[in-house]
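Visitor: Here is my input; please provide its structure:
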Amino acid sequence: MLKKTKVVVAIMLCLALIATVVGCGGQDTKQDAANTSQLSGNITAVGSTALQPLAEQAANQFMAKNPNVKVVVQGGGSGTGLTQVAQGAADIGNSDIFAEEKSGIDTAQLVDHQICVVGMAAVVNPAITVDNLTKQQLIDIFTGKTTNWKSVGGPDQKIVLVNRPKASGTRATFKKYALGGAEEAAGIEEDSSGTVRKIIKETPGAIGYLALSYLDGSVKPVSMDGVAPTKDNITTGKYTVWAYMHSYTKGQPGGALDAFIKYMLSDDVQKTIVPELGYIPETEMKITRDVSGNVKNK
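Guide: Residues are numbered from 1 along each chain as shown. Model (predicted):
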């Protein structure tokens, strides 16, 4: 009888211990949920329109997971983003270029969060029959030396240039790697990538340039020196007109801002939104490129 009593007591003690452990686990889970719900604040991201579609979609998903956080994403160009984050007028400065490439920016106070990579290409009105241009032909077109499509194997039609303002990181990248630094001639100037696409689509003879994330079939990308602006050609370095997509913060981020930056770099974004929208995860690049344009294999 004594042995049975001892067995019963031992069983009861075990059950009590299990209940305590389970209870503690439940409390931890509730505490984690409470911590998540406590994440709050307002975040403003300004700058690159090339990065804007990705930033907007990531922001929407992040806010759905964190209802007490509001993330506002605006364009304006890379130069504007860098200036505003440096001045403290924005929490994030999105940029297609390194901060060091923008004059008047105190880069020592900025922290670079490289989100992904995006290719950029010359794009033409879909009625233009030209599919490939040499680098020199691109330079001649965008500097105003070549003014008719028949000069490069196209129809007898006037070339209409669609340019970006000087604050545009897309312009800086295209100028550096497609035009060899040559200055563009005057043309239609528009800041928004979406509007540039619309103008090229609707304007006979138009040519401009866009991040590949904006290609939706309404305009036609053009190869350069016989190399198409594809993911494989970009990751291996065969196609050279591409840029890192940077999200700069003024100092190390904390709180909701830190959580949002980490979310942009998480698998939720990098393995779904990034490839779906035409960007390239940096982990898939087989090369790296520094601020001076020097390329080396990883």
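
Visitor: C-alpha only now, for contacts and for neighbours.
Guide: Will do.

Visitor: List phi and psi for residue 116.
Guide: When quoted as degrees, to the nearest 10, the phi and psi of residue 116 stand at phi -170, psi -170.

Visitor: I'd guessed it sits against residue 284; true?
Guide: No. Applying Cα atoms under 8 Å, one finds residue 116 not in contact with residue 284, separated by 9.6 Å.

Visitor: Would you mark the buried spots in stretch 114-126?
Guide: Residues 114-126 are the ones in stretch 114-126 that count as buried (16 or more other Cα atoms under 10 Å).

Visitor: now do stretch 288-296
Guide: Within stretch 288-296, the residues that count as buried by 16+ other Cα under 10 Å are residue 288.

Visitor: so what's residue 277 closest to, chain neighbours aside?
Guide: Leaving aside its sequence neighbours, residue 277 sits nearest to residue 213 (Cα to Cα, 6 or more residues apart in numbering; 5.5 Å).

Visitor: And for that neighbour, the neighbour number?
Guide: Residue 213 has 22 neighbours, counted by other Cα atoms under 10 Å.

Visitor: which residues touch the spatially closest residue to residue 184 that is not a sequence neighbour?
Guide: Sequence neighbours aside, residue 143 is the residue nearest to residue 184 in space, at 4.7 Å (criterion: Cα to Cα, 6+ apart). Shown in contact with residue 143 (Cα atoms under 8 Å, 6 or more residues apart in numbering): 182, 183, 184, 185.

Visitor: In helices, which of the buried residues of stretch 114-126 fall?
Guide: In helices, judged by DSSP state H, none of the buried residues of stretch 114-126 are found.

Visitor: Restricted to strands, list the residues you listed.
Guide: Judged by DSSP state E, strands contain the following of these: 114, 115, 116, 117, 118, 119, 120, 121, 122, 123, 124.

Visitor: and of the residues you listed, the nearest to residue 173?
Guide: The closest of those to residue 173 turns out to be residue 120 (Cα to Cα; 8.0 Å).

Visitor: Quickly note the distance from the closest one to residue 90.
Guide: According to Cα to Cα, to the nearest Å, residue 120 and residue 90 sit 26 Å apart.

Visitor: returning to what we had before: which ones among the contacts of residue 143 map onto helices?
Guide: Of these, none are assigned to helices by DSSP H.

Visitor: which among those end up buried?
Guide: Buried members of the contacts of residue 143, counted by 16+ other Cα under 10 Å: residue 184.

Visitor: Now pLDDT and distance to residue 204 too, for the contacts of residue 143, in TSV please.
Guide: Formatted as TSV, these follow (pLDDT from 0 to 100; distance: Cα to Cα, whole Å):
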residue	pLDDT	distance to residue 204
182	96	25
183	94	23
184	95	20
185	96	18
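
Visitor: farthest-separated two in the contacts of residue 143?
Guide: The largest separation in the contacts of residue 143, counting by Cα to Cα, is between 182 and 185 at 9.4 Å.

Visitor: Past the helix or strand bottoming out on mean pLDDT in the chain, which element shows up next along the chain?
Guide: Ranked by mean pLDDT, DSSP states H and E, the weakest helix or strand in the chain is helix 2-38, scoring a mean of 40. Once helix 2-38 ends, the next helix or strand along the chain (criterion: DSSP states H and E) is strand 41-47.

Visitor: Could you list every helix and strand that that next one packs against?
Guide: For strand 41-47, the contact count by 3 or more Cα pairs under 8 Å, 6 or more residues apart in numbering; DSSP states H and E identifies strand 69-76, helix 78-87, strand 92-95, helix 255-264 as packing neighbours.

Visitor: got a list of contacts for the helix or strand following that strand?
Guide: On the C-terminal side of strand 41-47, the nearest following helix or strand under DSSP H and E is helix 52-65. Helix 52-65 has contacts (Cα under 8 Å, 6+ apart) with 69-75, 213, 260, 263-264, 269, 273-274, 277.
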